[in-house]
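> Fold the stuff below for me.
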Amino acid sequence: MYKPITTRNRYSSRPHPQGVDIRKQIAHNLMEELVIQEAEAQIQQLPPKSAQFVKLVDVVVYALNRLPAMYASTKRGRQLQRQEADSKLKQQIATAVRQGIAAVHRDPLRSSEPWEDTETPATTRALESLRQELRYDRLNWENLPEVVRYRLAQVARGELDWRGQGSFDWEKFPLHQKTAQV
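Next up is the predicted model:
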């Protein structure tokens, strides 16, 4: 009934099978790991009364926003990035983390709630509607662009026809029509 949809890795010509989280396969930001290690070390050196007001996640985010990303997709690339970080960026990382601790520590009463990626009932309904329109039960927000491209290609090749479904009224959405120049 459904043809499997594959996504092409922009760094390789090999397709990825549906359901594989390509984000975990493409790259890893080594800077995140280095900043977390440095932040943990610096926070441990703080007096206990000061350390209780410092949230690790706030320090890490502060520092990462001030440092260059260091992405690697292979073990060899990771080794090279680590060597470069050790030789060129170690002091910059330590400074960014120290500034992060100072910034977070300056406002100990600050309330920070973690950001949560939650779906609302409206987004859930929208996704379900798209699953029906695109005729693809495994549709999610991550694979939506690829599924739309695939279905549009099917329509262009004449393999798929939406006429007769009765679920979409073009007259309610006149943006497809050319407007008269005034």
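> Name the residues of the longest helix belonging to the chain that come out as buried.
Using DSSP state H to define each element, the chain has its longest helix at helix 90-106. Across helix 90-106, burial judged by 16 or more other CB atoms under 10 Å covers I93, A94, A96, V97, G100, I101, V104, H105. Glycine gets a C-beta too; all of them are placed from N, C-alpha and C.
> measure A72 to Q92 for me?
Distance of A72 to Q92, computed by CB to CB, to the nearest Å: 18 Å.
> Moving C-terminal from the helix or strand hosting K49, which element do we reach first?
Applying DSSP states H and E as the criterion places K49 in helix 48-51. Later in the chain than helix 48-51, the nearest helix or strand by DSSP H and E is helix 56-64.
> Can you tell me which helices and strands the helix or strand hosting Q37 packs against?
According to DSSP H and E, Q37 maps onto helix 30-44. Counting contacts by 3 or more CB pairs under 8 Å, 6 or more residues apart in numbering; DSSP states H and E, helix 30-44 packs against helix 56-64, helix 75-84, helix 90-106.
> I'd like to know how many residues surround the closest residue to A27 other than its chain neighbours.
In space, A27 comes closest to Y71 once its chain neighbours are excluded; the distance is 4.2 Å by CB to CB, 6 or more residues apart in numbering. Residues lying near Y71 (other CB atoms under 10 Å) number 14.
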